[in-house]
Each structure stands twice: as C-alpha cells, then as structure tokens.
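*Asks:* I need the structure of the sequence given here:
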Amino acid sequence: MDSLVFIKDLLTIIGGVLGAVAFVWKVRDTSSSYIYIDLEVGNSVNEYCLIKATVENKGFSKKRIDNALLLLVPKDEPLLVTYSNLTGKEFIHTNQIADSPVKEPIYGGRPGRAVIPLPFFYEENLRIADEKASYTVPVKLDSFERGVPYAVRLFVVGENRLHRSTQDVLLIEKSHENPS
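*Replies:* Okay, here's the model as predicted:
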C-alpha cells in the first residue's frame, strides 16, 4: 500500500513539474514568437499592379512594428546594390535595409526599381495584437518593362526582433498587339 501511495505522489510531482515547464514554455513562446508576413502580387490592371502585404500576429502578446517596406528590383539583380543606388547609402546586408526607414516612395535609377514604405504598419498600427492586418499598394507600371520578371520583397522590422522578409514575383505580360 505504501508503494502505491509513493507512486501516486511521484506521478503527481512529475505531472506538476511538467505542467510548470509547459506553462513557462508557452509564456516564453507567446512573448518571443515572430509575426507572420505574406505578400501577394496581383494581376496588372490598366497601368497598375496591386500588391498586398499582410502582417499577422498569432501570439498573445502585442508586437511593435518599427519599419515595413516593399522593394521592387529586376529578379536577377543584387538586392543590396539596387537599394543602395536608390537611397544613396551603402548597404552591406539586409539588416541595414530593415533599419533604414524610407519616408517617401523612391522610383528611380534605371527603370523597374522602387522602394515603397508601408507606414500603415508602423504609424497606423503601432502594435499588432492577435490579429491580421493587410495593406494593398497600387504600383504604377509605367517604369517597369514588360516581359521582365521583378522580385517584390516585403521587409518588416519589429521591436527587439530580427527583420522578416518574403518575396513574390511581378511579371507584366508583353502586349499582344497585331501589327497593321
């Protein structure tokens, strides 16, 4: 009988320790989890393309967003070279891009290159709680070449976290005009 009581007490202690570990792990995971980001490049309509950026916090604690931007470059062109040329600053790694806010859209250099800040995420939604926030940007296509694939990168920087980025492709169809 004493051995059954001992086993019961031992299992109770082990269960309590495992429960405490699970609780601490969940609290840590909630406060240190990353936000989820998504990027969707829509079809081009008239002279615009709609690009939808989404930030989602699946955790329970609020997460602050310090910077968010889109970078559009020809797909095979080095990302950091283009960003450096557009902003006039030298960048060696993508963390520097994430930490260098751009206040106004920059289209320039050669055609098909742009940096578009997304203040919706860091000025209007200072903290993302357990929610999903999306913002759609209309991008004017007059400086992009038809038939050239462009990388569209979304960079999001949150407080005390590594930046997150994701990429999609923009491809504007060549026109099918019939010569007369």
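*Asks:* now Lys103: closest residue in space that isn't a chain neighbour?
*Replies:* Leaving out its chain neighbours, the residue that sits closest to Lys103 by CB to CB, 6 or more residues apart in numbering is Pro117, at 6.3 Å. (Glycine included, C-beta is placed from N, CA and C.)
*Asks:* now do the contacts for that neighbour.
*Replies:* Going by CB atoms under 8 Å, 6 or more residues apart in numbering, Pro117 touches Ala68, Leu69, Pro101, Val102, Lys103, Glu104, Pro105.
*Asks:* only whichever of those are buried, select them in ChimeraX.
*Replies:* Here is the ChimeraX command that selects the buried residues among these (16 or more other CB atoms under 10 Å):
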select :68,69,102
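*Asks:* buried set for the lowest-mean-pLDDT helix or strand in the chain?
*Replies:* Least confident helix or strand of the chain, by mean pLDDT, DSSP states H and E, is helix 94-98 with a mean of 77. Within helix 94-98, the residues scored as buried using 16+ other CB under 10 Å are Thr94, Ile97, Ala98.
*Asks:* how about a markdown table for these, with distance to Val169 added?
*Replies:* Listed next are the buried residues of helix 94-98 as a markdown table, based on distance: CB to CB, whole Å:
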| residue | distance to Val169 |
| --- | --- |
| Thr94 | 18 |
| Ile97 | 19 |
| Ala98 | 21 |
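*Asks:* which one of those is nearest to Pro138?
*Replies:* Of all the buried residues of helix 94-98, Pro138 sits closest to Ile97, with 22.8 Å by CB to CB.
*Asks:* could you point out the longest helix in the protein?
*Replies:* The longest helix of the chain (DSSP state H) is helix 2-32.
*Asks:* so which other helices or strands are in contact with it?
*Replies:* Helices and strands touching helix 2-32, by 3 or more CB pairs under 8 Å, 6 or more residues apart in numbering; DSSP states H and E: there are none.
*Asks:* rounded mean pLDDT for it, please.
*Replies:* On average, the pLDDT along helix 2-32 is 81.
*Asks:* quick one: strands adjacent to whichever helix or strand comes after that helix?
*Replies:* Downstream of helix 2-32, the next assigned helix or strand under DSSP states H and E is strand 36-45. Here strand 36-45 has these sheet partners by DSSP bridges: strand 48-56 (antiparallel).
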